[in-house]
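Participant: Sequence below, structure please.
(2 chains)
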Amino acid sequence: MATEITAPAYRVIPIIPALKPGAMEGLKPFVANEKMQEALGFPGKLVDDWHDRTIAKMGEMLGKYRSFKVFMDACVHCGACSDKCHYFIGTGDPKNMPVARQDLIRSVYRRYFTLPGKFFPKLVGARDLTREVLDEWYSYFHQCSECRRCSVFCPYGIDTAEVTMAARDILDSVGYGMKYSNEIIGKVHKIGNNLGLPGPALTDTLEGLEEDVKEDTGIDIRFPLDVKGAEVLLITPSADFFAEPHIDSLVGYAKVFHAAGISWTLSSMASEAGNFGIFIGNYEQLRKIALRIREVALELGVKRIVVGECGHAWRVAYSFWNTLTGVGAGANDPFAIELQSQLDHRYKQPMHICELTWDLIERKVITLDPEANDKHIITFHDSCNVARGSGMGDYPGGQFEIPRNIIKAAANKFYDMSDATTLEKTFCCGGGGGLLTDDLMELRVKGALPRMEALHEVVETHGVNFLACICAICKTQFTKVLPYYGYNRNMVGGVHQLVSNAIRLGDK
Amino acid sequence: MINKQTSSVLKSVAFDEDDLIIDPRQWTEDIAIAIAEKEGIGPLGPAHWNAIHAIRDYYFRLHAPPPMSKICRDETTQAPCVQELFHTCLTAWKVSGLPNPGEEAKSYLSATR
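Facilitator: Purely as a prediction, here's the structure:
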């Protein structure tokens, strides 16, 4: 009797890209001008004694941040990280291997801060700090989105993002800052948000949204601004007031608050969840931006602080707001103590909008009709800073489950992308970490490759037509790069956009 | 290639490093036509002009770029989507003769349809 023989299924063979040395050499974002630099307290342009000041700043940071010193010393060049970076995968430039990118600064560390490097530099891969080296730092440390995927695979737990942040902080301190991030930080200090939308423009937009939603639903849904005594202060990326599809998630948040009967407000002064202080690795800027939120929270007397769909903002809020501002325990200055006593600690402080919405769904305070999203076949992109830099709920992995739970409650058709590209192994969208500038479009398109491959797979197998995100940068990056990969930019949307479509609204 | 007349119109006003006008009050319709030609847009029809005037009105009222969907939906302008007309909202902003909206706004406005 003939036995039917079947060949085993093909294995998925990881493809390590062929090296293209120098492929991205010299690619760099525009340098910040004097005005932008000085507004943040940095030297206006590259200082004459940049060499000595760079080494001095490195020394200062090595003394201040034990992590930085450990990361400089601990790497054994095992190579586990080398093919894990989306920018390396997309560009093939060997200096975009995380280990090699870090070695651009590690080699200088060895030369000036280790004994063998001081005496036998060639033997230990140590090199002098030259102008070429500094330019190389500027170029390649702006080809890292600080997404920390490589760190997941590092047996020593080296946080590559921190190395990039340190390098950028050093560059700023010698007057070699990046235009995109530094101009935006200046805008937050001056106007209150990254997009430079003044209070009256926000009022106009919010009133327009109230009219639109009334027209769509027949229900008066408020988009309150600067309301004293509101229970919740919502801090959301300014893109939610401005861009598409971002604005549709803002409508979703408003509908959730309305349906649950929670009083809430936005703020014109703290109209930005994003905090580019983290991207440039500068503690003072990180804190100064975060303090705007505390000032507003105290002034408005709110009981809860909730954060909208923004990846790095949630990392800053979840991991740093406590000690930076007193939202959560940790800081002990008088204003932080005042804020801590003002906030209602029956709720998580701060809380992600997804945590708030999911809790309301679970407790049946709000009801969703998933059929409303039947035209959408959905997949979910885990944002790097949410996935690897924060949490949600009160259990490990909540940041993966909660957004998916909401999507599944709001829609019937959901398919995850390959598990090599989701959860803690998620790939960056290609535009995070302060790289969402058109100066770096080539890098952004190439760096999106692994995410686009995983998306392509679920499009082919399940007909996916909606890429759900919980990050303003991811949404913008995808709307820009999807057309390069043959997809329509309209397939990008927010999780709360799906909620907005499905939520049952009654007048409460 | 832009013609001689266009290039002389463009020389009459100052632009910044990102090709955005520095003083929006110097803008004229002739300048809009010249910028549009340089950006490969045009010829400018009634729909373009409606959008340009709506964007300029919004800017002078609120000193910010409008949410672009709002211009599209605004019934008074009767304009179809700005991106269809100008390829990107940033090009519409340039042709409307408005000053640099900043790095983040540029990054958002330059999305194609």
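
Participant: wait, isn't A:D419 in contact with A:K425?
Facilitator: Yes. Look at A:D419 against A:K425 with CB atoms under 8 Å: they come within range, at 7.4 Å. Where C-beta positions appear, they are placed from N, C-alpha and C, glycine not excepted.

Participant: Which one of the two is surrounded by more residues?
Facilitator: A:K425 (16 against 9; other CB atoms under 10 Å in any protein chain shown).

Participant: which non-adjacent residue is nearest that one?
Facilitator: A:V152 (6.2 Å; CB to CB, 6 or more residues apart in numbering or on different chains).

Participant: Equivalent analysis for B:G40, please.
Facilitator: Leaving aside its sequence neighbours, B:G40 sits nearest to B:H87 (CB to CB, 6+ apart; 7.9 Å).

Participant: what's the neighbour count on residue 47?
Facilitator: Let's take chain A. Residues near A:V47, counting by other CB under 10 Å, number 16.

Participant: wrong one, I was asking about chain B
Facilitator: 16.

Participant: Tell me if the residue nearest to A:K425 really is in a helix.
Facilitator: Yes. Under DSSP: H, G, I helix; E, B strand; the rest coil, A:V152 sits within a helix.

Participant: Quick one: low-confidence residue ranges for chain B.
Facilitator: Low-confidence regions of chain B, defined by pLDDT under 70, span residues B:1-2, B:72-80, B:113.

Participant: count of neighbours near the residue nearest to B:G40?
Facilitator: Neighbours of B:H87 (other CB under 10 Å): 16.

Participant: Ok, A:K408 next?
Facilitator: Neighbours around A:K408, by other CB under 10 Å: 16.

Participant: All the helices of the stretch 101-250 of chain A, in order from the start?
Facilitator: A:115-119, A:131-140, A:149-153, A:160-173, A:179-191, A:199-217, A:246-260 (DSSP state H, counting those that start in this stretch).

Participant: So which elements touch the fourth one?
Facilitator: It refers to helix A:160-173. In terms of contacts (3 or more CB pairs under 8 Å, 6 or more residues apart in numbering or on different chains; DSSP states H and E), helix A:160-173 is packed against helix A:50-64, helix A:66-74, helix A:98-113, helix A:131-140, helix A:149-153.

Participant: Of all those, which one is nearest A:H381?
Facilitator: Among these, helix A:149-153 comes nearest to A:H381, with 13.3 Å by CB to CB.

Participant: Residues touching the closest one, excluding its own?
Facilitator: Contact with helix A:149-153 is made by A:80-81, A:84-86, A:98, A:157-161, A:384, A:388, A:424-428, as judged by CB atoms under 8 Å, 6 or more residues apart in numbering or on different chains.

Participant: Give the buried residues for that helix.
Facilitator: Using 16 or more other CB atoms under 10 Å in any protein chain shown as the burial criterion, the residues of helix A:149-153 that qualify are A:149-153.

Participant: Kindly reformat the helices of the stretch 101-250 of chain A as TSV containing mean pLDDT.
Facilitator: Listed next are these as TSV, based on pLDDT from 0 to 100:
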stretch	mean pLDDT
helix A:115-119	97
helix A:131-140	98
helix A:149-153	97
helix A:160-173	97
helix A:179-191	97
helix A:199-217	96
helix A:246-260	97
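
Participant: Is it possible to get a markdown table of the ones you listed that adds distance to A:M452?
Facilitator: A markdown table is the format used below for those (distance: least, CB to CB, whole Å):
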| stretch | distance to A:M452 |
| --- | --- |
| helix A:115-119 | 41 |
| helix A:131-140 | 23 |
| helix A:149-153 | 16 |
| helix A:160-173 | 22 |
| helix A:179-191 | 23 |
| helix A:199-217 | 32 |
| helix A:246-260 | 21 |
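
Participant: Out of these, which is closest to B:P24?
Facilitator: helix A:199-217 (15.9 Å).

Participant: Could you figure out how far the closest one is turned away from helix A:179-191?
Facilitator: Interaxial angle, helix A:199-217 versus helix A:179-191 (axes from the mean of the first three to the mean of the last three CA atoms, to 10 degrees): 90 degrees.

Participant: can you pull the buried residues of helix A:199-217?
Facilitator: So, applying 16+ other CB under 10 Å, buried residues of helix A:199-217: A:199, A:201-202, A:204-206, A:208-210, A:212-213.

Participant: Distance to A:K475 added to those, as CSV?
Facilitator: Output for these, formatted as CSV (distance: CB to CB, whole Å):
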residue, distance to A:K475
A:G199, 24
A:A201, 20
A:L202, 19
A:D204, 22
A:T205, 17
A:L206, 20
A:G208, 20
A:L209, 18
A:E210, 23
A:D212, 19
A:V213, 20
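
Participant: quick check, nearest of the residues you listed to chain B?
Facilitator: Distance ranking of these against chain B, using CB to the nearest CB, places A:A201 first at 4.0 Å.

Participant: Now do the same contact list for the closest one.
Facilitator: A:A201 sits in contact with B:62-64, B:66, where contact means CB under 8 Å, 6+ apart.

Participant: Out of the residues you listed, which sit inside helices?
Facilitator: In helices, defined here by DSSP state H, the members of these are B:L62.

Participant: Could you dump the contacts of A:A201 into a markdown table with distance to chain A added?
Facilitator: Shown next, in a markdown table, are these (distance: CB to the nearest CB, whole Å):
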| residue | distance to chain A |
| --- | --- |
| B:L62 | 4 |
| B:H63 | 6 |
| B:A64 | 4 |
| B:P66 | 8 |
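
Participant: What helix or strand is the residue lying closest to A:V316 once chain neighbours are set aside located in?
Facilitator: Excluding the flanking residues, the one nearest A:V316 by CB to CB, 6+ apart is A:N275, at 4.5 Å. Take DSSP states H and E as the rule and A:N275 turns out to sit in neither a helix nor a strand.

Participant: For chain B, which residues are neighbours of chain A?
Facilitator: Contact residues, chain B versus chain A (CB under 8 Å from any CB of the partner chain): B:61-70, B:73, B:101-108, B:110-113.

Participant: Give me the distance between A:I366 and chain B.
Facilitator: 26 Å (CB to the nearest CB, to the nearest Å).

Participant: Next: A:F427.
Facilitator: 21 Å.

Participant: from memory that residue sits against A:H86, does it?
Facilitator: Yes. A:F427 is within contact range of A:H86, at 5.1 Å (criterion: CB under 8 Å).

Participant: Need the overlap of contacts for the two.
Facilitator: A:147, A:149, A:450-451.

Participant: right, and out of those, which lies closest to A:V316?
Facilitator: A:C147 (15.0 Å).

Participant: returning to that earlier point: filter the contacts of helix A:149-153 to the buried ones?
Facilitator: Applying 16+ other CB under 10 Å to the contacts of helix A:149-153 flags A:80-81, A:84-86, A:98, A:158-161, A:384, A:388, A:425-428 as buried.

Participant: Now do the helices in chain B.
Facilitator: Assigned by DSSP H, chain B shows helices spanning B:4-11, B:29-38, B:46-62, B:68-73, B:82-86, B:89-95, B:103-109.

Participant: and chain A, what are its domains?
Facilitator: For chain A, the structural domains run A:14-177, A:192-358, A:368-502, going by automatic domain parsing.

Participant: would CSV of those with distance to B:A47 be doable?
Facilitator: Shown next, in CSV, are the domains of chain A (distance: least, CB to CB, whole Å):
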stretch, distance to B:A47
domain A:14-177, 34
domain A:192-358, 20
domain A:368-502, 21
